[in-house]
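# Provide a 3D model corresponding to the input given below.
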Amino acid sequence: MKDTLTLNKLEKLIEIEGRLRGEYQQQLDEKDDAISQLRSDKLALEGKLRELETTVSTQLTTISELAGRSNETHALEQRNRELHNRSENMKQEVATVKSRIKALQKDLAGERAELAELKKYDPRRLRKNLDASKKKLAEKTVTAEKLQRLLNQVRTENVEHEGRIKELEAELAALKPDDGEKGAPSTKAAA
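Numbering: from 1, shown residues only. Modelled structure (predicted):
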């Protein structure tokens with residue numbers, strides 16, 4: 001009986017294996033193809049690796065040759081860095097000078113405006129105007145003095161005339177009562 005059970009189990013295992021092969025055979029074939037492809041890729045990569053190793057050894061030789069030249073290149077690069085730093089410093093100096101120029105131009109514009117304002121008050125012209133004003137003032141002063149003398153003279157004459165008018169009025173008043181008695185006041189007043 002044990003043999004029968006084992007045989008049944010074996011048959012079932014073979015049957016399961018057959019089913020599994022049926023289900024997974026395509027995948028197994030694809031995996032086998034992938035493995036063989038990877039093996040061929042590996043061989044191709046090994047060939048490329050050999051080529052690259054050859055290229056690397058050639059490049060290493062070239063690098064060794066260039067190392068001697070690199071000292072010159074290094075010195076040249078150092079000079080280039082120094083020149084670059086100098087040019088940057090000069091750019092900063094130029095920017096500083098430009099800003100200073102702008103400030104000086106503003107100051108110059110201010111000074112020009114102030115000069116224009118001061119030219120309005122030109123000393124020579126002001127002196128001429130002052131001299132002309134002094135002459136006009138002197139002329140007006142002389143004229144005013146003459147007018148003042150004339151005014152004083154007119155006032156004096158006016159006071160004299162007023163005194164004379166008062167005298168004449170007093171005489172007239174004195175003559176009027178006498179004239180009323182005579183009947184001919186107009187002849188004496190006319191005389």
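# quick one: residue 68 from residue 56, how far?
Between residue 68 and residue 56 the distance, using C-beta to C-beta, to the nearest Å, works out to 20 Å. Yep, even glycine has a C-beta here, placed from its N, CA and C like the rest.
# the more surrounded of those two?
residue 56 (11 against 8; other C-beta atoms under 10 Å).
# Contact partners for the more buried one?
Not one residue lies near residue 56 by C-beta atoms under 8 Å, 6 or more residues apart in numbering.
# chain center to stretch 138-155, what's the gap?
Its chain's C-alpha centre and that of stretch 138-155 lie 66 Å apart, by C-alpha atoms, centre = their mean, to the nearest Å.
# Mind listing what's buried along that stretch?
Within stretch 138-155, no residue qualifies as buried by neighbour count (16 or more other C-beta atoms under 10 Å).
# any idea of the mean pLDDT in that stretch?
Stretch 138-155 comes out with an average pLDDT of 93.
# Enumerate residues external to that stretch that contact any of its residues.
Stretch 138-155 has contacts (C-beta under 8 Å, 6+ apart) with no other residue.
# roughly how far is the longest helix along the chain from the heart of the chain?
Longest helix in the chain, counting residues (DSSP state H): helix 2-120. Computed by C-alpha atoms, centre = their mean, the chain-centroid distance of helix 2-120 equals 44 Å.
# Name the next helix or strand downstream of it, please.
Toward the C-terminus, helix 2-120 is succeeded by helix 123-182 as the next helix or strand (DSSP states H and E).
# Next, the angle from that following helix to helix 2-120.
If you take axes from the mean of the first three to the mean of the last three C-alpha atoms, to 10 degrees, helix 123-182 sits at 50 degrees to helix 2-120.
# and residue 172, how many neighbours?
14.
# brain fart, residue 176
Residues near residue 176, counting by other C-beta under 10 Å, number 12.
# Distance check, it against residue 112.
To residue 112, residue 176 is 87 Å away according to C-beta to C-beta.
# same deal with residue 139?
Taking C-beta to C-beta, one finds residue 139 at 40 Å from residue 112.
# ok, now residue 29?
For residue 29 relative to residue 112 (C-beta to C-beta), the value is 98 Å.
# got it, and residue 32?
Counting by C-beta to C-beta - residue 32 and residue 112 are separated by 97 Å.
# same thing with residue 141?
For residue 141 relative to residue 112 (C-beta to C-beta), the value is 42 Å.
# Then residue 142?
Applying C-beta to C-beta to residue 142 and residue 112 gives a distance of 45 Å.
# same deal with residue 24?
On the measure of C-beta to C-beta, residue 24 and residue 112 end up 99 Å apart.
# Equivalent analysis for residue 124, please.
With C-beta to C-beta as the criterion, residue 124 and residue 112 are 20 Å apart.
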